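J.: the sequence and its predicted three-dimensional model are supplied below.
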Amino acid sequence: MTPCIRLDTRNLTSVVSDAEISALQPRIRKLHEDLEAGKGKGADYLGWLRLATQTPDSLVDDLERTAAAIRNQCDAFVCIGIGGSYLGARAAIAFMGNTFADQVSREERGGPAMLFAGQNISSDYHADLMDLIRDRDVCLNVISKSGTTTEPAIAFRLLKEKVEQKYGKTESRRRIFVTTDQHKGALKKLADNEGYKTFVIPDDVGGRYSVLTPVGLLPISVSGIDIRELLGGAKEWESLGSRTAGLEENLSYLYAAIRYLMYQKGKSLEILASFHPSLGYLLEWWKQLTGESEGKEGKGLFPASVQFTTDLHSLGQWIQEGNRIVFETFLLMESSRRQLNIPPSEDDGDGLNYLAGKSLDFVNDKAYKGTAMAHLEGGVPNLSIHVKGRTPRDLGQLIAFFERAVAMTGYLLEINPFDQPGVEFYKKNMFTLLKKPGFEKGK
């Protein structure tokens with residue numbers, strides 16, 4: 001396998017030494033053995049570990065056939081979900097898609113507009129969305145293990161009503177697709193009663209690890225991305241990750257070791273920084289993956305993200321000279337799909353002729369290097385994760401890289417990286433305030 005990912009740790013040596021990293025190797029090897037044997041904390045939720053390898057061709061065939069049918073019958077596809085039920089798909093579509101996909105024509109886009117709902121409870125957002133799809137042929141994909149998660153359940157109720165008003169109940173059944181539990185839950189019951197096409201969320205895969213299940217694969221395929229190549233990249237990293245715990249080869253574990261050591265040295269906030277707009281939603285996916293996996297028992301790095309060079313003009317001052325509790329991980333795209341060169345100007349009124357003939361990627365790379373140097377000098381140690389390009393294979397490896405790294409970081413912190421007990425607290429308070437039956441104050 002040729003890895004699509006490489007790490008550069010040279011800007012960490014002033015804080016974390018090679019000897020300190022190497023000293024973690026025996027512990028990481030033992031934790032790796034526990035992970036592979038299913039003996040670690042949260043072992044009931046390790047389905048993601050070999051998910052790409054164990055996904056049957058028959059399921060991929062079914063997903064691709066369904067996606068092709070959706071692409072043929074609609075010009076707007078609304079993915080309804082929150083957290084892991086939408087972030088992975090949205091990240092993948094942004095990673096590989098046209099930056100302005102929803103602003104170009106269907107012919108230029110090559111498929112339906114990919115829209116999202118149920119990730120908030122905003123009246124304006126959902127009213128605007130319903131205005132947008134009023135004159136479009138629409139399909140819905142609602143994603144929820146239970147069907148009762150408040151945000152997507154509200155959005156689905158609203159959008160289902162509009163679709164049924166527009167097409168009638170019989171035709172609507174051909175336009176509504178459900179991704180849910182295999183056996184139980186309100187959404188499963190509704191899908192069975194209505195005859196909706198359904199896909200299964202595996203019992204042993206948590207939401208934030210579910211992008212390579214039908215949760216993510218169906219909308220990703222609808223967008224026109226080759227999900228076989230995506231799974232192929234993930235399989236390659238799965239194979240490498242399972243085969244060795246050695247930090248020289250297993251970059252997921254090297255990244256985990258660095259993050260753990262930074263945390264131990266008082267660097268409690270990790271900034272994931274990109275210099276490519278296509279990575280914006282991948283940063284959001286990473287924030288959920290890390291925050292929900294590691295933030296418990298009073299432990300865990302706080303995950304933040306910035307998009308440079310844009311945020312250098314807003315948050316750059318804080319990063320350069322603010323509280324020194326932070327370290328930085330740069331997520332870098334080694335090459336764009338297209339190149340634009342800066343043209344010469346006869347009068348050089350803007351003073352840019354010294355860059356004439358240079359590509360925007362060349363300038364962007366120098367912006368990254370200058371930023372990394374400046375932040376290091378300002379007391380912010382940093383490392384960089386380099387991704388080859390914007391192919392499904394690249395993204396498949398990157399997803400598997402991060403998932404294994406976060407699992408190992410959780411084990412190093414001696415917490416369960418696969419539960420999320422704290423998420424329920426806001427729901428209980430909200431349900432009490434809403435007077436939901438069973439949540440009356442004092443119960």
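T.: Yep, it's here. As the structure is a computational prediction, the values presented were derived from the model and not from experiment.

J.: neighbours of residue 126, how many?
T.: Per other C-beta atoms under 10 Å, the neighbour tally for residue 126 reads 17. In short, each C-beta sits where N, CA and C put it, glycine included.

J.: now do the strands in the stretch 51-200 of the chain.
T.: In the stretch 51-200 of the chain, strands defined by DSSP state E, counting those that start in this stretch lie at 76-80, 113-117, 138-143, 176-180, 197-200, listed in chain order.

J.: what's the closest of the ones you listed to residue 96?
T.: Across those, residue 96 has its closest neighbour in strand 113-117 (11.5 Å, C-beta to C-beta).

J.: adding mean neighbour count, write the strands of the stretch 51-200 of the chain out as JSON lines.
T.: Formatted as JSON lines, the strands of the stretch 51-200 of the chain follow (neighbours: other C-beta atoms under 10 Å):
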{"stretch": "strand 76-80", "mean neighbour count": "27"}
{"stretch": "strand 113-117", "mean neighbour count": "21"}
{"stretch": "strand 138-143", "mean neighbour count": "27"}
{"stretch": "strand 176-180", "mean neighbour count": "25"}
{"stretch": "strand 197-200", "mean neighbour count": "18"}
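
J.: redo those strands as JSON lines? Include mean pLDDT and distance to residue 320.
T.: Output for the strands of the stretch 51-200 of the chain, formatted as JSON lines (pLDDT from 0 to 100; distance: least, C-beta to C-beta, whole Å):
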{"stretch": "strand 76-80", "mean pLDDT": "97", "distance to residue 320": "38"}
{"stretch": "strand 113-117", "mean pLDDT": "97", "distance to residue 320": "34"}
{"stretch": "strand 138-143", "mean pLDDT": "98", "distance to residue 320": "40"}
{"stretch": "strand 176-180", "mean pLDDT": "98", "distance to residue 320": "44"}
{"stretch": "strand 197-200", "mean pLDDT": "98", "distance to residue 320": "47"}
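
J.: which one of those strands lies closest to residue 354?
T.: Each of the strands of the stretch 51-200 of the chain has some distance to residue 354 by C-beta to C-beta; the shortest is strand 113-117, at 40.6 Å.

J.: which residues touch the residue nearest the centre of the chain?
T.: When the chain is reduced to its mean C-alpha position, the nearest residue by C-alpha atoms, centre = their mean turns out to be residue 285, at 2.8 Å. Neighbouring residues of residue 285 by C-beta atoms under 8 Å, 6 or more residues apart in numbering: 87, 88, 90, 91, 211.

J.: in a strand, the last one, correct?
T.: Which is residue 211. No - per DSSP: H, G, I helix; E, B strand; the rest coil, residue 211 lies outside any strand segment and is coil.

J.: could you find the closest non-adjacent residue to it?
T.: Using C-beta to C-beta, 6 or more residues apart in numbering and skipping the chain neighbours, the partner closest in space to residue 211 is residue 88 (2.7 Å).

J.: can you check the pLDDT for that neighbour?
T.: The predicted local distance difference test score for residue 88 is 97.

J.: over to residue 443?
T.: pLDDT, residue 443: 55.

J.: and if you look at residue 1?
T.: Residue 1 is assigned 75 on the pLDDT scale.

J.: stretch 125-140: end-to-end distance?
T.: Using C-alpha to C-alpha, to the nearest Å, the end-to-end distance of stretch 125-140 comes to 17 Å.

J.: with stretch 30-45 instead?
T.: For stretch 30-45, the separation between the terminal residues is 19 Å (C-alpha to C-alpha).

J.: gap between that stretch and the chain center?
T.: How far stretch 30-45 lies from its chain's middle: 23 Å, per C-alpha atoms, centre = their mean, to the nearest Å.

J.: stretch 188-197 now?
T.: In terms of C-alpha atoms, centre = their mean, the centre of stretch 188-197 is found 28 Å from the chain centre.

J.: residues in contact with it?
T.: Residues from elsewhere that reach stretch 188-197 (C-beta under 8 Å, 6+ apart): 66, 147, 173, 176, 177, 178, 180, 181, 182, 198.

J.: turn the contacts of residue 285 into JSON lines, including distance to residue 391.
T.: Shown next, in JSON lines, are those (distance: C-beta to C-beta, whole Å):
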{"residue": "87", "distance to residue 391": "20"}
{"residue": "88", "distance to residue 391": "17"}
{"residue": "90", "distance to residue 391": "18"}
{"residue": "91", "distance to residue 391": "15"}
{"residue": "211", "distance to residue 391": "16"}
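
J.: show me the two of these that sit farthest apart.
T.: Largest separation among the contacts of residue 285 by C-beta to C-beta: 90 and 211, giving 9.7 Å.

J.: neighbour count for these two, which is higher?
T.: A count of neighbours by other C-beta under 10 Å puts residue 211 above the other of residue 90 and residue 211, at 30 against 24.

J.: quick one: contacts for that one?
T.: Per C-beta under 8 Å, 6+ apart, neighbours of residue 211: 84, 87, 88, 89, 91, 92, 217, 285, 399.

J.: please redo it, this time with the cut-off set to 7 Å
T.: Neighbour list for residue 211: 88, 89, 92, 399 [criterion: C-beta atoms under 7 Å, 6 or more residues apart in numbering].

J.: and the pLDDT at it?
T.: Predicted confidence (pLDDT) at residue 211: the value is 98.

J.: could I get the phi/psi values of the closest residue to residue 42 other than its chain neighbours?
T.: Leaving aside its sequence neighbours, residue 42 sits nearest to residue 418 (C-beta to C-beta, 6+ apart; 3.3 Å). The phi/psi pair for residue 418 (degrees, to the nearest 10) reads phi -120, psi 0.

J.: state the distance from residue 418 to residue 287.
T.: Residue 418 sits 17 Å away from residue 287, going by C-beta to C-beta, to the nearest Å.

J.: compare the two and say which is more crowded by neighbours.
T.: Using other C-beta under 10 Å as the criterion, residue 418 and residue 287 rank with residue 418 on top: 24 against 18.

J.: for the more buried one, which residues are in contact?
T.: Residues in contact with residue 418 (C-beta under 7 Å, 6+ apart) are 42, 45, 206.
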